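# How does the following fold in three dimensions:
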Amino acid sequence: MNASANVLSGDQTDALQEIANIGMGQAGDSIARIWQQFVELSVPRIAIVEADRIPALIHHFVGDGLVSAVRQAFHGGFRGEVLVVLNTGNRHELGALMGYDGPLEPHEEEEMLLDVANVLAGACIGGIARQLGADMGFSAPSLIGTDLDAHSVVRPDELSVATALCVEVCFNVKIHQLSAHLIALLPREEVAALGELLDRFLCTL
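Numbering: from 1, shown residues only. Here you go, the predicted model:
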């Protein structure tokens, strides 16, 4: 997927791709230490997407089957929202990685999903922000739901934006057959702020 040229320039898009690669790699290392497992990461994918296309895009990323999803807002040098989406069957494997023994109680499962989303969002968005010299804060994560169809993770009429910049990466732990997708959405009006940070970054090279 390619970012629209009238939103970010080619140089800005290339810089964002490189920064996202580095930031997600650092996040993968941090998560691997927490989970004590080797974590594979996909190459981050960047796109400009209309709000009504976001549900189909999420389905394209995560595939068929039921999912669990958490959302978390971030703000600072630029603002937006992170979605963390896991296949429903994976959350039991995730419980083992997070140190839970046996089946999870509903409140334990929600707490675990919120913790994982907080770690992923902080590591990924924080990693990108640090490279850009931007301060970043996060709201408390909130559970969208469990056992959801991928198309229903978000509804276009629930979004406050018509168009968004999307950055997606998949974390995969093969030994546990676990995958988690992190999808960052920036409102189109925030892309200018991100572009300024990218320009400053490019000037340091």
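# could you list every residue that touches residue 79?
73, 186, 187, 190 (CB atoms under 8 Å, 6 or more residues apart in numbering). C-betas here are computed from N, CA, C, even on glycine.
# from these, which would you call buried?
186, 187, 190 (16 or more other CB atoms under 10 Å).
# Is there a neighbour count for the nearest residue to residue 151 once chain neighbours are set aside? I'd like the number.
Using CB to CB, 6 or more residues apart in numbering and skipping the chain neighbours, the partner closest in space to residue 151 is residue 55 (4.6 Å). Taking other CB atoms under 10 Å as the neighbour definition, residue 55 ends up with a count of 17.
# State whether residue 55 is indeed within a helix.
Yes - looking at residue 55 with DSSP: H, G, I helix; E, B strand; the rest coil, it is inside a helix.
# Identify the residues contacting it.
150, 151, 152, 153, 154, 155, 156.
# out of the contacts of residue 79, which are inside helices?
Using DSSP state H, no member of those falls in helices.
# and of the residues you listed, the nearest to residue 26?
Nearest to residue 26, judged by CB to CB, of these is residue 186 at 19.8 Å.
# Just list whatever residues bridge to that closest one.
residue 165 (DSSP bridges).
# Buried subset of the contacts of residue 55, written for PyMOL?
A single PyMOL command selects the buried members of these (16+ other CB under 10 Å):
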select buried, resi 150+153+154
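# got TSV for the contacts of residue 55, with distance to residue 80 and secondary structure too?
Conversion of the contacts of residue 55 to TSV gives the following (distance: CB to CB, whole Å; DSSP: H, G, I helix; E, B strand; the rest coil):
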residue	distance to residue 80	secondary structure
150	20	helix
151	21	helix
152	21	helix
153	16	coil
154	13	coil
155	18	coil
156	16	helix
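# for the chain, where's the lowest mean pLDDT among helices and strands?
When the helices and strands of the chain are compared on mean pLDDT, DSSP states H and E, helix 90-97 comes out lowest with a mean of 72.
# Show me which positions of the helix or strand following it end up buried.
As assigned by DSSP states H and E, the chain's next helix or strand after helix 90-97 is helix 106-132. For helix 106-132, the neighbour count (16+ other CB under 10 Å) marks 109-110, 112-114, 116-129, 131-132 as buried.
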